[in-house]
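# predicted model follows, preceded by the sequence.
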Amino acid sequence: MKKIFTLFAGLLLASGSAFGQSKWTSVIKNGDLEGAADPLWSSFWCHDYRRGVEFDPESGQVYSDDDPENGQFQGFAEVVEDPANPANHCCKVIIRSEAEADEAGNKITPQGSSSLASWDCQFFIYANEPIPEGKEVRMIIKVKGEKAGKFETQAHWKPGDYNHYVMFGDQNFGTEWTSITTDAVVVSADQSKEADGKFFQSVAFNLSTTTEGNVLYFDDIDLQVRDAKDPAEFEGWFNFLRNGTLSDDHPLKASPQYTTFTGRDGSDGVDRQARIVNDPIDGQPALTVSTVCWEGTDEIPEVDEEGNPVLDEDGNPVVKEEQYWYKHTTDAETGEEKTERTTTIDDWQSQFFVTIPHSFKAGERFKVKYSVRADKPTSLDTQAHAWPGEYKQHNFIGTPDVTEEWQEFEYEGEISSDAKTATTIAFNCNKDKDEANNIYFRFEEFSVNAAEVMEDDRVLASESVIGELPAKGSKDPLVMKVDLSDALAALGVNSVSDLMEGTLKVPFVDDNEEVKWEEVQGDYYIDEKGYYTDQVGINIAYEEESTEGNVASFNVYNDNSDATKIDTKLVFGVAEDAAPAEGYARRVWNYMLDIQLLAADAYKEALGVEDVKTADKGANAIYDLSGRRVVKPAKGLYIQNSKKIFVK
C-alpha cells in the first residue's frame, strides 16, 4: 500500500519532573487502561454524550446545564471492554449526530455558522504536569471507530481551556485499530500560553467531524516529552526540489492530494496536485492555479427591524449593492455537481502550496527561489502552513508583485518561532476579484540548512509489503521477493543494484532512544520490535545474485525468536552528488520499505485481504501458495489478484 509523506494547570515546575530530559519521558499514567485506577483514569478526560452517569460531586465531573438527559458530560473518560476483545480495556467516547444536537436544543456551532462544531464532542489526554514552551512532545495512540473518519487535535491548558487550534494536526482512523505516532512538535508560545499563566497540559481531540455521529475507542495512549535540540550550525544548503517544477515527489500526507506542489483553484476550493501546463507565452512547463471573480451585482432593498422598506428623503426605496459569484462543488460520495451562490471571496479562495518533508525549527536558515507570472498583473500574499491549509504565520516570504512577464524572486531568512513545525509555503492568489486570472509558477529551489536535514526528511515515498516469518529454529529460510519498481522510479535510477550498493539501511535505536539508520551490507538481524540488533534473532539476508529484473530477493531466517509478527523497515538510497563538496551533508534520497513479517497462518490469511499487498507487487502478478512470485507458472494451484487459480 503506497504511503505518502509525506508532520499542556500548573505553576513553576518542581524538581524531579519529567523535564530536563534528553530521552522521551511519558507524562501520563494508565496508558494501556489496564492498571489500577488511582483514583480514576485521570490522564483521560472527555466531553461527550453519555447518559445517567453517577459521580462524586467533588470529582469535578458535571453535566452541562445540570441536564443528565440532554447535557454534555464533562469528566473522566469511560473505560470499557474492547467490543472485539473483552480481555482488553479501552476508552469509549460517544459522538452525537447533528440531528441529535438539534433535537436536544444545545447544539454547539462555530461563530457565523449553523453547522455542528467539530468540538461539540471532545476527548482529552491530560498530562500529569504542565509542559512548557520549547519542549518537544509527541503522541502515541491507537484508535478505532464504529465508522471511519478523522479527528482534529488542539493544545489546551486544562481540558476545555483552549490555547491553540493546532497541536498534532488531523488524524485519520478506521473501523479496526489504527496505530498513530505523531512527529515531534516543539511546543510554541501559542500552544503553551505561559505569559497568561496557562501552559500546555492537555491535547484535545475534536471528534464531531461528521454530522452522522460515531462511537470512538482509544487505547495504548502515551504523551511523551523531551528537551528540544538547539538549531544546528549552518553547513550549506540542502535543496528539496530535486526536479524543480516537474518534481513528482509526494512528501507529506497519507493522501495523494498533498504533494510537493498543491493547487487550490478557487472555483471549487478543493486542494489537489497542482496542474502542470505549457505556458502560453514561452511554451515551457509551468505550474498554474486559477482565481475566481465577482460574476454580478444585486441591488438589495434595505428593510427596518419590522421588515418594512427603508425610504430616502424623496420616498424612494434605499438599496445596497451586493456582489456575488458561483462556487462549484462535487459531492465526493454521489458525484453530484452543485452550484452555490455566495457573496464572499477570500484572498485565499485560490492558493498555491509548496510542501517539503521537513519540519522547520526556530532559527533555522532557509532559502526559496522561484519565478512567477500571471495573465493579468496582481499581487500575492505568502504564509507558512503546517501543511496545505493549516495556517501558522503570515508574510512568510514577502508579498511579490506579479506582472504578465516572468520574474524571478529569491528569499533567504531564518525561521521565526511562530513558523516552527511548518512544512509548507502558501501563496494567497485571490487578492484581485474583478477579473479571473491564471497565475503560473516555476520553482528552482526550496533549501534549508543541510545540518538540519535528517534521514527521515529525505524519504521521497514508501510502500508497505508483507512476508512470511519462519518458525523458530527453522533450518531453511523463507524467500521474500520484493518488486522495487516504484523505488527505482522515485529515486531516478535504473536497476536494483544501483539501490543496493552501499545504501541499504536498517533502523536501530541509540542510547537516547532515537531511531536512526544503520548502513549495512549483506545480512542484518532484527529484534522483536523490528530494530537492528547485534544479537541473533530474525535474520534477513539480501541475495544479490538471485535478483531478477526489478525484483530483489531476501532470505528470512528465524534463529531464536518466538515472535509471530514483526514490523521492520528497509531504506534504499541514492546519492544525488557522487562526490559532495566538503562541508555539505551527503545528499542522499531515500525510499522506505515498511515490512511486516507474519507467522504462517496469519500470512496466508493476509494474502486474501484486498488492501494488504504481498511482498511482490503488481497487477496480475502470480504467486505460489507460500506467497512467492512466479514468473512462469507450471501446472498447479496459484494465487492471482487475491484469488486462487489453477494453471493446466
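Okay, I see it.
# what does the helix or strand that contains residue 370 contact?
According to DSSP states H and E, residue 370 maps onto strand 365-374. Strand 365-374 is contacted from outside by 234, 237, 279, 281, 354, 360, 380, 397, 400, 402-415, 425, 437-449, using CB atoms under 8 Å, 6 or more residues apart in numbering. Backbone N, C-alpha and C define where each C-beta goes, glycine included.
# next, the contact list for residue 505, please.
455, 517, 518, 519, 520, 570, 571, 572, 573, 590.
# list buried residues within those residues.
455, 517, 520, 570, 571, 572, 573, 590 (16 or more other CB atoms under 10 Å).
# pLDDT, secondary structure and distance to residue 605 added to those residues, as a markdown table?
Output for the buried ones among the contacts of residue 505, formatted as a markdown table (pLDDT from 0 to 100; DSSP: H, G, I helix; E, B strand; the rest coil; distance: CB to CB, whole Å):
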| residue | pLDDT | secondary structure | distance to residue 605 |
| --- | --- | --- | --- |
| 455 | 77 | helix | 34 |
| 517 | 79 | strand | 32 |
| 520 | 74 | coil | 31 |
| 570 | 86 | strand | 24 |
| 571 | 86 | strand | 28 |
| 572 | 85 | strand | 29 |
| 573 | 81 | strand | 33 |
| 590 | 84 | strand | 31 |
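# save these as a markdown table, and put in distance to residue 110 too.
Listed next are the buried ones among the contacts of residue 505 as a markdown table, based on distance: CB to CB, whole Å:
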| residue | distance to residue 110 |
| --- | --- |
| 455 | 40 |
| 517 | 44 |
| 520 | 52 |
| 570 | 45 |
| 571 | 43 |
| 572 | 46 |
| 573 | 45 |
| 590 | 41 |
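# quick one: secondary structure of the residue in the chain sticking out farthest from the centre?
Centroid-distance maximum for the chain: residue 314 at 61.6 Å, with CA atoms, centre = their mean. Assigned with DSSP: H, G, I helix; E, B strand; the rest coil, residue 314 falls in the coil class.
# surely residue 358 is in contact with residue 448?
Yes: applying CB atoms under 8 Å, one finds residue 358 in contact with residue 448, separated by 5.9 Å.
# joint contacts of these two?
In contact with both residue 358 and residue 448: residue 240, using CB under 8 Å, 6+ apart.
# before we move on, what SS does residue 601 have?
Residue 601 is classified as helix under three-state DSSP.
# so how many other residues sit close to it?
As a burial measure, residue 601 scores 9 neighbours (other CB atoms under 10 Å).
# helices of the chain, start to end?
For the chain, helices defined by DSSP state H occupy the ranges 98-104, 485-491, 496-500, 600-606.
# which of those helices comes out lowest on mean pLDDT?
Lowest mean pLDDT of these: helix 496-500, a mean of 78.
# quick one: contacts of stretch 536-554?
Contacts for stretch 536-554 (CB under 8 Å, 6+ apart): 467, 469, 477, 479-485, 488, 495-497, 500, 504, 522-528, 555-561, 563, 566, 568, 597, 616, 629, 631.
# buried stuff in it?
Per 16+ other CB under 10 Å, stretch 536-554 contains these buried residues: 537, 538, 539, 540, 542, 547, 550, 551, 552, 553, 554.
# picking that back up, out of the contacts of stretch 536-554, which sit inside strands?
467, 479-483, 524-526, 555-558, 566, 568, 597 (DSSP state E).
# now, of these, which are buried?
For the ones in strands among the contacts of stretch 536-554, buried by 16+ other CB under 10 Å: 467, 479-483, 524-526, 555-558, 566, 568, 597.
# avg pLDDT for the strand holding residue 370?
97.
# circling back to that earlier point, okay if I get the contacts of residue 505 as a markdown table plus distance to residue 82?
What follows is these, written out as a markdown table (distance: CB to CB, whole Å):
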| residue | distance to residue 82 |
| --- | --- |
| 455 | 36 |
| 517 | 35 |
| 518 | 37 |
| 519 | 41 |
| 520 | 39 |
| 570 | 33 |
| 571 | 34 |
| 572 | 38 |
| 573 | 40 |
| 590 | 37 |
